[in-house]
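[1] How does the following fold in three dimensions:
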Amino acid sequence: MKIRKQQLDTARIRPRYRRITEKPAQQVIASLVSELRQSKRIKGNTLENHAYIGIPQAEQKYWSPEMHVTVETLEEGSLVRGVIGPKPKIWTMYMFFYSAVVVMFFLGAALGVSQWMLKMEAPWLWSIPICIILYLLVIAAAKYGQYKSIEQMKRILDFLDDAVDKA
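    Residues are numbered from 1 along each chain as shown. This is a model prediction of the structure:
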């Protein structure tokens, strides 16, 4: 399985895909539709210049990736862009935990610093290191899920590369 380094930014929790091709956008979408109909290892659907690509239901795990692809028309050819990440409900849960930790950090820090400046006991200052640890745990959980789904991610990206090449 191949991943072209310039196409995928894996430093992100939801990696981005970008590829410029000389083929027209309609031809790329038609190729995606054709390949999706033939494939048993990848499922998906298209709507105008968008495509949603994922793993078949029988093979899905908790953190199985999905990819949203957009094909845009350029002067000479088209731009294929995509974002690959967990299912929307998993991504929403992750963002909820991330946001909750950030809000707890700022509220706890504000209360703790206020208590400390007023020369009171400041137990809320403990929220600062606790929230930093929780933040790191949330990021580590997301990276672990990404690590567990790397083979499925490669399968989706290889499928997309092959479909664009065949267009």
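
[2] average pLDDT for the longest helix along the chain?
    In the chain, taking DSSP state H as the definition, the longest helix is helix 88-117. Across helix 88-117, the average pLDDT comes to 94.

[3] Following the chain past that helix, name the next helix or strand.
    helix 127-148 (DSSP states H and E).

[4] tell me the angle of that following helix relative to helix 88-117?
    Here helix 127-148 runs at an angle of 160 degrees relative to helix 88-117 (axes from the mean of the first three to the mean of the last three C-alpha atoms, to 10 degrees).

[5] Quick one: mean pLDDT over helix 127-148.
    In the prediction, helix 127-148 has an average pLDDT of 92.

[6] Of all the residues in that helix, which ones are buried?
    S127, I128, C131, L134, Y135, V138, A142, G145, Q146 (16 or more other C-beta atoms under 10 Å). Placement of C-beta: from N, CA and C, glycine included.

[7] how about that helix as CSV, C-alpha atoms only?
    Extracted in CSV, the C-alpha atoms of helix 127-148 (Å, rounded to 0.1, in the frame of the first residue of the first chain):
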residue,chain,number,x,y,z
SER,A,127,-7.5,22.3,37.9
ILE,A,128,-4.6,23.6,35.8
PRO,A,129,-2.3,20.6,35.9
ILE,A,130,-5.4,18.2,36.0
CYS,A,131,-6.8,19.8,32.8
ILE,A,132,-3.4,19.7,31.1
ILE,A,133,-3.2,15.9,31.9
LEU,A,134,-6.8,15.4,30.6
TYR,A,135,-6.0,17.4,27.5
LEU,A,136,-3.0,15.2,26.8
LEU,A,137,-5.1,12.1,27.4
VAL,A,138,-7.7,13.2,24.9
ILE,A,139,-5.0,13.9,22.3
ALA,A,140,-3.4,10.5,23.0
ALA,A,141,-6.7,8.7,22.7
ALA,A,142,-7.3,10.4,19.3
LYS,A,143,-3.8,9.5,18.1
TYR,A,144,-4.2,5.9,19.4
GLY,A,145,-7.5,5.6,17.4
GLN,A,146,-5.7,7.0,14.3
TYR,A,147,-2.9,4.4,14.8
LYS,A,148,-5.4,1.6,15.2
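
[8] Relative to the centre of this structure, find the outermost residue for me.
    Going by C-alpha atoms, centre = their mean, the residue of the chain most distant from its centre is K119, 45.4 Å out.

[9] From A58, how far out is I42?
    Distance, I42 to A58, by C-beta to C-beta, to the nearest Å: 13 Å.
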